[in-house]
Structures are given as C-alpha cells and as structure tokens.
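Visitor: Have a look at this fold, sequence not included:
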C-alpha cells in the first residue's frame, strides 16, 4: 500500500511539474521504467480527405452523393495503406444557416431542425460505418449529431474504429456567434483516442482560432490533432496557417481537413511537428485524399524541453527588473 501511495505521489509530482494531466504523467512512468528507458517508437499511415460538402439537409440526392463520395475515398485510402482517414466538418451535410433559419433566408434566426432528413443521414452513416469495418479502416468524419427535443443538435466528429464501432464523439466547443445563437448545443470536453499506440485529439469548425484548445491537447499527450472544418474562400488560408502554428508550437502532427470547394487556396493536408506541410491534397477543388506516415518521434527533445520550460525552471534565475536598476544606466 505504501509503495502504491509513493508511486501515485510521484505521478502527481510529475504532473504538477510538467503541466501534464495525471493520465499523461502516468503514461510516462509506464513507458519509461528501468526495463524500458525510452518510449517505443510507433508509426501509422494517416490519410486526410477533402470532400464536396453540401449545405442543404433537405436534398436527399445530395446527402446520398456525399455518402458515396466518402466511401469511394475510404476505398482509395485503404488501397494506399492508410490505417486512419480524416474527413471535413459536416462530411454528409453541413447545414446552411439561411436554409435552416425558421425566419430566413433573408433573416437568420433559430434553426428549424425538422428540415433535416435525419433518416437519410442515419442510413448514410450506417453505410459508412459498415464499410469501415469491411476495410479495417479507422474513419473520422464530421456530422450533425441529433439530440432529444427541444435541445439543439451538436456539431460533431464521429470516430469509427476499424471494427466499424463508434468509439467516441467530439462535439465542437468554441462555436461561432451564429452557431451558438441559433443552431447548435456546444460540447464541453476535449476528446482523445488511440490507434496503434498513437494518441489523437479532435477539433472542429473554427476552433483553430483558439490556441488554448491545442495547448490542452499537448498536455493530454496527443501525437496528432485532427481538425475538421468546412472552411470558406476567405477563411481557409488563415485556418491552415493556424494549424501549422499549432503543430510547430506544440511539436505534434496536425491534420487539416477542409471542404474541397473551399480548399482552392488552402487544401486539406497534414502538418509535421516542425510546422511544415508533410503532404497536401491538390488545390483544385476536387475530392481527393493525401497520405503520409506519422510517428510519435520519442527521441525528439523539443517537446519535453518545452514542458520543462513551462514548469517554472526560470524562476530561480530571475533578477530584479533592469528597468528598476541603475547597474546599466538608462539604456
């Protein structure tokens, strides 16, 4: 009992020093004991997609088209050896605020969710889940997630395993003004999941504008963040640059999946931990995938050092502010 208590104290002490969660600190102890001094190097082939995102949830034929397009790209990704395929926000449908507005389309007001063809959406999601099982392919894609009345739905990312099981769901937390005012219920927690020993985090919509979300995922010890958005002609370049920054400052991989029609200047792609694009889809507006091998790079000292730097190691070296001292004169 005493040994177990001492071990827990050690884990808590590391979490306090590094800023990690208790779970992340525990993972460190399990992976770096005397019989395993270095974390095991792991890798995975990741595919990112850009797809044609439709915005009218009343249009049954377009919903069917989206599902067919997704499943075609899933087959391409599996043929390319991918273990996980990442799709944009609202891959089956990302409802347009003016189409959904009960007082629209000229005036944007509360969304009328009876306009959504929910039965068709569920059928397309089920077909996608079944194909993930058939292909043995982890599949992450954006979808509206219906809640019981009178609650508004979530804007979500579904994570489907290679067994075709829905293993988790991420709900967008930092909603736009329109989304929070008229359309969706916000989520409340970060979500992580693991594939082949690599840990992934999820982000959605406009959340690349909020660096605290990505710092939090670093504390949760993720190896890659999957960010799905519909984007827009005006916003996509900024969102893409922000994802490069998050990957570089947190030293992890980042996958950026955007609607094909909004990716002409910033197509879907995967950013390496240094902030460079490791791979990108064609910037031509066509549905496509891009594939690259990602890893956990356990020998890279950058991430452990940044955690150490954030843990207060500079405090003992601080001196009185030079602006209050005459040691160096005025300049």
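Guide: That came in fine, so what should we check first? Note that the structure is predicted; figures quoted are calculated from it, not measured. Residues are numbered from 1 along each chain as shown.
Visitor: Next, residue 46: secondary structure please.
Guide: Following DSSP: H, G, I helix; E, B strand; the rest coil, residue 46 is assigned to strand.
Visitor: residues in contact with it?
Guide: 82-84, 86, 224, 253, 255, 270, 291-294 (Cβ atoms under 8 Å, 6 or more residues apart in numbering). In short, each C-beta sits where N, CA and C put it, glycine included.
Visitor: What segments of the stretch 51-200 of the chain are helices?
Guide: 60-79, 97-100, 118-135, 177-178 (DSSP state H, counting those that start in this stretch).
Visitor: I'd like the ones you listed laid out as a markdown table, including distance to residue 312.
Guide: Below are those laid out as a markdown table (distance: least, Cβ to Cβ, whole Å):
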| stretch | distance to residue 312 |
| --- | --- |
| helix 60-79 | 44 |
| helix 97-100 | 45 |
| helix 118-135 | 45 |
| helix 177-178 | 37 |
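Visitor: Of all these, which one is nearest residue 184?
Guide: helix 177-178 (9.4 Å; Cβ to Cβ).
Visitor: residues in contact with the closest one?
Guide: The contact list for helix 177-178 (Cβ under 8 Å, 6+ apart) reads 97, 108.
Visitor: what about that helix, average pLDDT?
Guide: Across helix 177-178, pLDDT averages out at 95.
Visitor: can you check stretch 308-325 too?
Guide: Per-residue scores along stretch 308-325 average to 75.
Visitor: just stretch 158-167 next, same as before
Guide: pLDDT averaged over stretch 158-167 gives 98.
Visitor: Equivalent analysis for stretch 61-74, please.
Guide: 98.
Visitor: Tell me which stretches of the protein form strands.
Guide: With DSSP state E as the criterion, the chain has strands at 43-50, 84-86, 138-145, 154-160, 166-171, 192-195, 198-204, 224-228, 253-257, 269-271, 277-280, 288-295.
Visitor: how about a markdown table for these, with distance to residue 263 added?
Guide: Output for the strands of the chain, formatted as a markdown table (distance: least, Cβ to Cβ, whole Å):
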| stretch | distance to residue 263 |
| --- | --- |
| strand 43-50 | 5 |
| strand 84-86 | 14 |
| strand 138-145 | 15 |
| strand 154-160 | 18 |
| strand 166-171 | 21 |
| strand 192-195 | 25 |
| strand 198-204 | 16 |
| strand 224-228 | 12 |
| strand 253-257 | 9 |
| strand 269-271 | 9 |
| strand 277-280 | 9 |
| strand 288-295 | 9 |
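Visitor: Give me the local confidence score for residue 331.
Guide: So residue 331 comes in at 53 (pLDDT).
Visitor: make that residue 106, sorry
Guide: pLDDT at residue 106 comes out at 86.
Visitor: and it, how many residues sit next to it?
Guide: Neighbour count of residue 106, defined by other Cβ atoms under 10 Å: 7.
Visitor: Tell me which residues touch it, please.
Guide: residue 98.
Visitor: for residue 154, same thing?
Guide: Contacts of residue 154 by Cβ under 8 Å, 6+ apart are 144-145, 147, 169, 171-172, 184-187.
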